Every structure is written in C-alpha cells, then in structure tokens.
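Student: Just need the structure, nothing else, for what follows:
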Amino acid sequence: MQRLLIIGPCGAGKSTLARILGARLALPIYHIDQLNWQPGWVEAGRDALRTKLEDIVVSDRWLIDGNYGGTLDARLDRADTIIYLDFPIYLCLWRLARRIYTYRGRARPDMPDGCPERFDPAFFWYVARWNHGPRPRTEERLAGQESKLVRLRSPTELARWMDSLAPAA
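Tutor: Now for the predicted structure:
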C-alpha cells in the first residue's frame with residue numbers, strides 16, 4: 001500500500017484511521033479537510049482544492065482521507081488501495097456527536113487552526129441522510145474499483161483487517 005485512500009461517512013473514523021495507518025506504513029498523510037478549510041471555516045474553493053490534490057496524487061506515496069465527491073475520481077484512479085469505512089449511520093452520528101463534544105471550541109487534529117469544532121445542524125442532517133444521497137453517489141464512483149477496494153462494515157471488521165496487516169517495520 002503506497003497510495004491509500006480512506007473514504008466513508010463523516011464520523012466513521014477516517015482521520016483517526018489515517019493517522020494510525022500513516023504512521024504504521026510511513027506514508028505522508030493528507031486530510032482533505034485541512035486542504036479545503038481555512039481559518040474561520042472559509043473554504044479554499046473547488047479549484048484550489050483540486051490543484052492541491054493534483055500535486056499530491058501524482059506523487060508515489062500518500063494517504064488521503066476524505067470524500068469530497070467533486071475530487072474523488074482522480075484519487076480513486078490513482079490509489080492502489082481504497083478503504084471504505086461503510087459503517088452504520090447511527091454509529092457515525094454517535095461518533096460525530098462525541099467529536100463535537102470532545103473538541104467543542106477548538107480545532108481537532110485533522111483540521112486547520114481557526115476552525116473550532118461546533119454543532120452544525122445542516123452538517124448533522126447531511127450525515128443522517130448519507131444513505132439517501134452521498135452513499136449512492138459514492139457507490140457509483142466505486143464501480144470498477146473492486147480489485148483495490150477494502151470495504152469494512154463495522155469497527156470489528158476494521159480491527160480484524162488491521163490485525164491482518166503485516167507488523168510495522
């Protein structure tokens with residue numbers, strides 16, 4: 001695994017897994033949220049994000065976590081491994097609520113400074129509706145990528161998969 005992509009619903013644990021796998025595989029980690037957001041929750045813009053991602057995906061080694069459907073195709077094509085944390089939405093919502101509480105008022109590790117964690121009803125609703133919008137679009141984009149797709153449907157499956165990996169060097 002040299003070019004690894006982690007996708008899935010918000011709150012599934014993509015960034016946490018990225019930090020663990022990045023360290024274990026000695027891969028440079030890129031959190032799309034860090035690339036997309038500027039202090040004060042200002043978006044960098046679609047073109048700026050695409051440019052940043054293009055520079056990353058042409059390199060030989062990377063681990064990128066995040067969906068951002070408008071930029072997904074190039075990352076899917078270049079990745080040698082795609083980890084899809086296809087966790088139940090109720091679990092993701094619980095984890096999202098816990099994250100908001102844990103980091104309230106300050107930026108979490110996968111976000112830039114100046115983007116404090118906060119409750120956003122529209123974002124919570126987006127996650128609650130994952131199975132009716134983002135999920136079908138994601139599934140459509142994954143068609144043809146099955147040979148490099150690792151779909152994990154629960155934290156237990158993720159733990160088993162992690163245990164199956166060769167030990168860190």
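Student: Starting from E139, give me the distance back to W130.
Tutor: 11 Å (C-beta to C-beta, to the nearest Å). All C-beta spots, glycine's among them, are computed from the backbone N, C-alpha and C.
Student: Please say which of these two ends up with more neighbours.
Tutor: Taking other C-beta atoms under 10 Å, W130 and E139 do not tie; W130 has more neighbours (21 against 11).
Student: show me what contacts that one?
Tutor: Contact partners of W130, counting by C-beta atoms under 8 Å, 6 or more residues apart in numbering, are P9, C10, I89, C92.
Student: go on, G8?
Tutor: By C-beta under 8 Å, 6+ apart, the residues touching G8 are K14, N67, I83, Y84, L85, D86, F87.
Student: just checking, the second one touches T138?
Tutor: Right, the one you point to is N67. Yes - the pair N67 / T138 is scored as a contact, 6.8 Å apart, by C-beta atoms under 8 Å.
Student: joint contacts of the two?
Tutor: Common neighbours of N67 and T138 (C-beta under 8 Å, 6+ apart) are I7.
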